[in-house]
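>>> This is the structure alone, sequence omitted:
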């Protein structure tokens with residue numbers, strides 16, 4: 001009965017309710033006894049006396065039955081009470097020995113050391129008035145958590161400390177402090193395993209409690225918050241995360257264990273105090289730096305293997321810089337830099353926004369640099385003469401990769417602060433902050449980081465002044481050995497002039513695209529020039545900036561495109577629109593590559609002529625590279641679509657043979673068992689026939705039963721394929737497997753020895769036997785190579801005869817590339833005249849055009865050209881055998897033909 005669940009308290013309550021019901025029914029029955037058993041005689045006659053006696057006997061019978069029901073009800077209630085008592089006694093008996101044993105075990109350590117051997121420590125009591133909360137009791141020496149510290153009294157009591165754990169267990173949390181009182185410290189975690197307890201929060205001017213430390217395995221406790229944040233608890237030596245520092249004063253996060261993450265640095269609200277640094281790690285992620293409203297953001301934690309911690313952001317309007325992202329030693333991504341704070345305002349002068357934090361550098365062997373943080377906005381001012389709006393902060397530089405990886409993107413520059421005064425004066429909006437530079441690529445492989453965009457110039461309202469100029473975009477990171485350059489950052493837009501008369505600010509300069517790697521890589525695109533700001537009144541629109549130059553390629557790669565020029569700003573009601581910026585200059589091509597495209601000019605600008613995008617002398621090598629890459633991509637796609645057709649078909653055949661054999665054995669086993677099951681009834685029939693003196697029937701019954709074990713009949717539903725039924729018929733299909741294998745072998749021999757050529761213009765098809773087709777594929781590359789050499793020789797001779805030495809030199813230098821291009825990627829057509837009789841309509845001549853190519857040349861369809869004057873020649877594609885390069889033909893035609901022959 002282990003599935004029965006009983007709650008003794010509920011059973012006892014139900015028994016009490018039933019007892020109440022019994023008492024109520026008994027009282028009602030007693031009240032009805034007199035009127036129903038002693039019924040008065042209505043008159044002195046015999047009939048009235050008989051009726052009174054009859055109904056009185058009914059009442060007496062009811063009272064007798066009621067007494068039996070009451071007795072049964074009493075026994076049922078007694079049974080329920082007894083069962084509940086038994087269950088309760090059993091529970092008490094089961095619990096009591098365990099508790100007794102635990103009390104016996106804990107008694108010595110409790111009396112000698114003041115703590116149990118096994119069990120959790122008791123929580124501390126909250127303080128009253130200005131009294132501190134009591135400390136949490138320690139946990140069991142072997143196992144148990146420490147108790148939580150009690151909260152301090154509401155009028156100034158300090159929080160109690162959390163109890164420490166013993167060997168295994170978590171430390172208790174510290175209690176919160178009362179008014180202007182400190183929080184309690186968190187308890188230490190267990191010696192072998194356990195987390196430190198969190199520190200209690202300080203109140204008012206009270207400091208936060210320190211987080212409890214872990215020892216070997218476990219996380220450190222978080223420090224409590226307060227004007228002086230609590231110290232973060234240390235992580236376990238071997239495993240665990242460092243505790244987070246308490247918010248308030250910018251304390252550092254604790255370092256992680258051997259395996260574990262660093263804790264986050266605490267935030268800071270104190271003037272000129274930076275946020276706390278993130279904790280470091282070894283195998284794990286660094287902790288994030290803390291933010292600050294009174295200073296710079298905290299630096300992110302570093303690590304050996306893992307990701308660096310993000311830098312903390314500077315908040316508020318103090319102009320503090322964002323914290324730098326954490327660096328990585330071996331493998332991992334650098335942390336992102338924190339954002340800078342907005343600039344302050346002092347005596348009407350807008351302060352400079354804080355710079356964004358630099359991104360952390362990546363690990364030596366692999367990882368990307370962290371992104372730079374955004375610069376803070378410049379301070380807003382309303383001064384007429386004292387000063388301009390604040391300059392936006394510079395975006396942080398992206399972190400560098402080491403050997404393999406991508407550089408981090410530069411941070412966005414902060415917007416310039418606005419000057420909102422509407423009077424006369426010389427003060428204007430602040431300059432937009434410059435975008436951060438992109439991080440460098442990995443030394444061996446990786447792309448450069450993109451440059452950050454410049455900030456927008458501050459708007460200006462004072463008469464006869466201009467909007468702030470936009471910030472310049474950051475330069476992109478360079479590729480090193482193999483990798484693309486990053487994209488240049490866009491220049492910031494110039495600030496608008498909003499009221500009265502004034503010019504719009506000029507757009508910010510665009511960042512240059514990064515150069516590609518020395519061996520391979522494209523140059524990055526130049527950034528877009530910043531747009532000019534709008535003027536007002538009689539003011540002119542600001543001029544747009546030129547687009548950034550594209551990055552250069554080196555040996556193999558394309559130059560980057562120039563960035564578009566910035567649009568000129570709109571003029572005021574009677575002002576002139578600003579001039580649009582010129583498009584950026586294109587990057588130069590590598591020895592094998594194309595030059596970039598010049599950037600588009602901004603509105604109202606005139607485009608300049610771009611630099612030559614190709615070097616003619618290297619044109620053949622460029623074509624060789626492009627054609628080879630394109631054809632190799634096509635071959636790769638064909639391999640990916642059908643990697644091994646012959647092997648796949650062979651395995652399909654073997655699976656089919658195995659499936660056929662398995663099915664045959666399964667069916668034969670089934671039919672054999674059915675046949676065996678029919679023997680006992682047949683034997684019984686035979687015995688009955690013998691007893692009846694009919695031995696012929698007995699022999700027939702046994703014989704039929706034995707035959708049906710192996711043969712049950714014929715399936716003549718298809719007269720062209722009549723099949724045996726039963727065990728023998730089931731075993732016949734696998735017998736055909738050797739014949740199928742032999743036929744497949746014959747088919748392969750026929751395929752590889754078929755030298756026929758068939759053409760049918762009615763169906764527009766032409767097919768060459770496999771040996772002939774293979775011969776065409778094999779001779780294609782030598783023919784295209786000779787044709788390419790002949791073309792180069794003709795060009796060279798013609799140039800020499802014309803006295804054009806430059807063209808002759810170009811043909812001579814490009815001849816090797818042309819010859820190799822012909823061998824690998826060349827294409828040509830061999831005409832094969834066909835008899836006109838193959839055409840379904842009268843024609844003068846028919847020529848089959850057989851495509852050939854270099855060993856990488858893609859496959860093309862045969863075509864047929866018919867000449868039937870006065871109509872022009874007609875060329876139609878033919879299905880069947882394709883022509884082209886040897887390698888694509890092997891992959892996409894020859895091997896699939898062999899696979900089809902064994903299908």
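Perfect, I can see it now. Small disclaimer: the values here were computed from a predicted structure and weren't measured. Numbering: from 1, shown residues only.
>>> Mind checking what secondary structure residue 651 has?
helix (DSSP: H, G, I helix; E, B strand; the rest coil).
>>> actually residue 388, sorry about that
Secondary structure, three-state DSSP: residue 388 is coil.
>>> That one is in contact with residue 466, isn't it?
No. The criterion here is Cβ atoms under 8 Å, and residue 388 misses it with residue 466 at 10.4 Å. Where you see a C-beta, it was placed from the backbone N, CA and C, and this is true even at glycine.
>>> So for those two, which residues contact both of them?
The contact sets of residue 388 and residue 466 overlap at residue 428 (Cβ atoms under 8 Å, 6 or more residues apart in numbering).
>>> quick one: the helices in the stretch 751-900 of the chain?
770-801, 805-825, 886-889, 895-901 (DSSP state H, counting those that start in this stretch).
>>> any chance of those in CSV, with mean pLDDT, distance to residue 600 and mean neighbour count too?
Below are the helices of the stretch 751-900 of the chain laid out as CSV (pLDDT from 0 to 100; distance: least, Cβ to Cβ, whole Å; neighbours: other Cβ atoms under 10 Å):
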stretch, mean pLDDT, distance to residue 600, mean neighbour count
helix 770-801, 87, 36, 17
helix 805-825, 85, 32, 19
helix 886-889, 90, 40, 22
helix 895-901, 86, 48, 17
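>>> what's the distance between residue 486 and residue 224?
Residue 486 sits 44 Å away from residue 224, going by Cβ to Cβ, to the nearest Å.
>>> more neighbours, the two?
residue 486 (38 against 35; other Cβ atoms under 10 Å).
>>> buried set for stretch 652-671?
By 16 or more other Cβ atoms under 10 Å, the buried positions in stretch 652-671 come out as 653, 657, 664, 667, 668, 671.
>>> I'd assumed residue 733 was in contact with the third one.
Yes. At 5.3 Å, residue 664 and residue 733 qualify as touching, with contact defined as Cβ under 8 Å.
>>> can you tell me how far the most centrally placed residue in the chain sits from residue 537?
Closest residue to the average C-alpha location of the chain: residue 333 at 15.8 Å, with Cα atoms, centre = their mean. Distance, residue 333 to residue 537, by Cβ to Cβ: 51 Å.
>>> what does residue 279 give?
In terms of Cβ to Cβ, residue 279 sits 57 Å off from residue 537.
>>> Mind checking which of the two has more residues around it?
Neighbours were counted for residue 279 and for residue 537 using other Cβ under 10 Å; residue 279 has more, 37 against 17.
>>> Quick one, grab the pLDDT at the more buried one.
Residue 279 is assigned a predicted lDDT (pLDDT) of 96.
>>> for the closest residue in space to it that isn't next to it in sequence, helix, strand, or coil?
Spatially, and ignoring its direct neighbours in sequence, residue 279 is nearest to residue 262 (2.9 Å; Cβ to Cβ, 6 or more residues apart in numbering). Counting by three-state DSSP, the backbone at residue 262 sits in coil.
>>> and what of residue 435?
From three-state DSSP, the assignment for residue 435 is coil.
>>> Quick one: closest of the helices of the stretch 751-900 of the chain to residue 347.
helix 805-825 (69.4 Å; Cβ to Cβ).
>>> So which elements touch the closest one?
The criterion is 3 or more Cβ pairs under 8 Å, 6 or more residues apart in numbering; DSSP states H and E, and the helices and strands that helix 805-825 contacts are helix 619-641, helix 770-801.
>>> Now for residue 129: which residues touch it?
153, 154, 155, 156, 157.
>>> Quick check, pLDDT for it.
91.
>>> measure it to residue 455 for me?
In terms of Cβ to Cβ, residue 129 sits 56 Å off from residue 455.
>>> Next: residue 695.
115 Å.
>>> Between these two, which has more neighbouring residues?
When residue 695 and residue 455 are compared for neighbours, residue 455 comes out ahead with 38 against 11, by other Cβ under 10 Å.
>>> Please tell me how far the more buried one sits from residue 317.
Taking Cβ to Cβ, one finds residue 455 at 16 Å from residue 317.
>>> do residue 834 as well
Distance from residue 834 to residue 317, by Cβ to Cβ: 88 Å.
>>> cool, residue 445 as well?
For residue 445, the distance to residue 317 - Cβ to Cβ - is 43 Å.
>>> next one: residue 509
Relative to residue 317, and taking Cβ to Cβ, residue 509 is found at 28 Å.
>>> and what of residue 667?
If you go by Cβ to Cβ, the gap between residue 667 and residue 317 works out to 87 Å.
>>> How about residue 687?
Distance from residue 687 to residue 317, by Cβ to Cβ: 112 Å.
>>> Give the full set of residues in contact with residue 458.
350, 378, 380, 388-390, 415-419, 428-432, 467-468, 495, 505.
>>> so where is the stretch 351-500 of the chain shaky, pLDDT-wise?
Across the stretch 351-500 of the chain, the ranges flagged by pLDDT under 70 are 383-387, 422-426.
>>> Which parts of it are strands?
In the stretch 351-500 of the chain, the segments counted as strands under DSSP state E, counting those that start in this stretch are 465-466.
>>> swap in the stretch 651-800 of the chain?
Using DSSP E, counting those that start in this stretch, the strands of the stretch 651-800 of the chain run over 713-715, 723-725, 757-760, 765-768.
>>> Out of these, which is closest to residue 344?
Here strand 765-768 is closest among the strands of the stretch 651-800 of the chain (Cβ to Cβ), at 83.5 Å.
>>> Mind listing the strands that closest one pairs with, and their directions?
strand 757-760 (antiparallel), strand 874-883 (parallel) (DSSP bridges).
>>> Name the residues that touch that strand?
Applying Cβ under 8 Å, 6+ apart, the set of residues contacting strand 765-768 is 756-760, 776, 848, 862, 864, 878-881.
>>> Can you pull the phi and psi angles for the nearest residue in space to residue 509 that is not next to it in sequence?
In space, and not counting its chain neighbours, residue 509 is closest to residue 472: 4.2 Å by Cβ to Cβ, 6+ apart. Dihedral angles of residue 472 (phi, psi; degrees, to the nearest 10) stand at phi -80, psi 150.
>>> can you tell me which residues contact residue 472?
Counted by Cβ under 8 Å, 6+ apart, residue 472 has contacts 413, 434, 435, 454, 489, 491, 492, 508, 509, 510, 511.
>>> Which two among those are spaced furthest apart?
Going by Cβ to Cβ, the pair spanning the contacts of residue 472 furthest: 413 and 510, at 12.6 Å.
>>> Distance check, the residue lying closest to residue 900 once chain neighbours are set aside against residue 766.
Computed as Cβ to Cβ, 6+ apart, the closest residue to residue 900 that is not its neighbour in sequence is residue 649, at 7.8 Å. Distance of residue 649 to residue 766, computed by Cβ to Cβ: 25 Å.
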